[in-house]
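Colleague: Output the structure for:
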Amino acid sequence: MSALKNNKIIFIGGGNMAQALISGLLGRGTDAQDITVSDPSGDIRAQLAEKGLLSVDPVNDAEGAKKAVQAADVVILAVKPQVMKAVVAAFAEVLDKQLVISVAAGLSTESLSAMLQGYSTIVRAMPNTPAMIQMGATGLYAGVDITGEQRQLAYEVMAASGLAMWVETEEQMHAVTAVSGSAPAYFFYFIESLIDGAMALGLDRKQASALAMQTAMGAAQMSISSEDTPAELRRKVTSPNGTTQAAVESMQANQIGEHIQQAMQACYERSQAISAEMND
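Modeller: Numbers count the residues shown, from 1 in each chain. Here you go, the predicted structure:
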């Protein structure tokens with residue numbers, strides 16, 4: 001039986017990431033009436049109502065929002081890190097049994113606990129934007145106060161929108177940021193470059209875009225479904241003295257692999273710096 005069954009979930013914040021996770025949960029069979037969203041935007045609440053979801057205005061109905069948190073089994077913090085402290089102050093006092101999942105980048109479980117008046121039943125999650133199409137990749141970290149049942153519940157919430165994977169230490173969340181959290185942008189950049197290169201070689205933008213995007217999707221799916229490693233798949237399509245070998249040798253000569261790793265290191269270090277600034 002799914003750990004999600006019969007659990008009441010409240011999202012604090014109803015923005016893009018919250019709506020991506022909600023779509024995943026609904027797609028996995030969660031009843032719309034088991035999901036509530038607390039958001040001050042009337043437009044967002046109207047959109048949610050069209051999907052049959054419950055919502056509450058934390059500004060004009062602060063008491064109702066607090067009661068909704070109190071009645072929930074899972075509280076998902078989906079607001080910007082900069083406003084987190086002010087937002088959670090409105091309901092921190094009613095937390096006693098809820099699993100809190102934060103998708104706010106940079107905020108440590110220690111800092112979140114301090115904002116929540118010492119409450120420590122917290123899981124950190126680092127999803128990425130493909131969660132919006134249920135193709136996300138999420139890193140999860142749980143502190144020592146999280147039970148096995150709560151770990152499973154947090155996993156199923158996040159896995160509803162794609163791959164979810166636990167890391168052992170909170171420090172590893174910076175690595176998650178570098179390899180998946182920020183990484184969709186790396187692939188978008190590569191696809192941009194493929195399109196520009198194809199146009200320079202004579203294709204029009206529509207042709208270049210279609211071929212580049214389909215190739216990226218196909219290569220990713222082959223990597224997922226094949227028993228071969230990406231390195232082996234590359235070797236299999238690289239004929240000696242052929243066109244692919246010429247391209248790969250050019251990339252190797254220009255140290256493209258090393259540059260990608262340097263970019264990831266820069267992302268990792270910036271993630272550490274942002275976290276340190278937020279958690280001071």
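Colleague: how near is the residue lying farthest from the centre of the chain to Ile146?
Modeller: For the chain, the residue at maximal distance from the C-alpha centroid (C-alpha atoms, centre = their mean) is Asn241, at 41.3 Å. Separation of Asn241 from Ile146 (C-beta to C-beta, to the nearest Å) stands at 55 Å. Quick note: C-beta positions are derived from backbone N, CA and C, even for glycine.
Colleague: hang on, the earlier thing: can you verify the residue farthest from the centre of the chain is assigned to a helix?
Modeller: No - judged by DSSP: H, G, I helix; E, B strand; the rest coil, Asn241 forms no part of a helix; its state is coil.
Colleague: distance of Tyr186 from Gln262?
Modeller: For Tyr186 relative to Gln262 (C-beta to C-beta), the value is 12 Å.
Colleague: For these two, indicate the residue with more neighbours.
Modeller: More neighbours surround Tyr186 than the other of Tyr186 and Gln262, with 15 against 11 (other C-beta atoms under 10 Å).
Colleague: what does the domain assignment say about the protein?
Modeller: As assigned by automatic domain parsing, the chain contains the domains 9-173, 183-271.
Colleague: can you pull out the helices in the stretch 1-150 of the chain?
Modeller: Ranges of helices within the stretch 1-150 of the chain are 16-27, 42-50, 62-71, 84-88, 109-115, 148-159, based on DSSP state H, counting those that start in this stretch.
Colleague: which of those helices is buried the deepest?
Modeller: Per-stretch averages of neighbours, counted by mean count of other C-beta atoms under 10 Å, single out helix 16-27 among the helices of the stretch 1-150 of the chain, with a mean of 20.
Colleague: got CSV for the helices of the stretch 1-150 of the chain, with mean pLDDT and distance to Tyr268 too?
Modeller: What follows is the helices of the stretch 1-150 of the chain, written out as CSV (pLDDT from 0 to 100; distance: least, C-beta to C-beta, whole Å):
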stretch, mean pLDDT, distance to Tyr268
helix 16-27, 91, 21
helix 42-50, 93, 33
helix 62-71, 95, 34
helix 84-88, 94, 23
helix 109-115, 94, 19
helix 148-159, 95, 21
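Colleague: Quick one, which of the ones you listed gets closest to Gly136.
Modeller: Nearest to Gly136 among the helices of the stretch 1-150 of the chain is helix 16-27; the distance by C-beta to C-beta comes to 7.2 Å.
Colleague: tell me the contacts of the closest residue to Met278 other than its chain neighbours?
Modeller: Closest residue to Met278 apart from its sequence neighbours, by C-beta to C-beta, 6 or more residues apart in numbering: Gly106 at 4.6 Å. Gly106 makes contacts with 81, 271, 274-275, 277-279, as judged by C-beta atoms under 8 Å, 6 or more residues apart in numbering.
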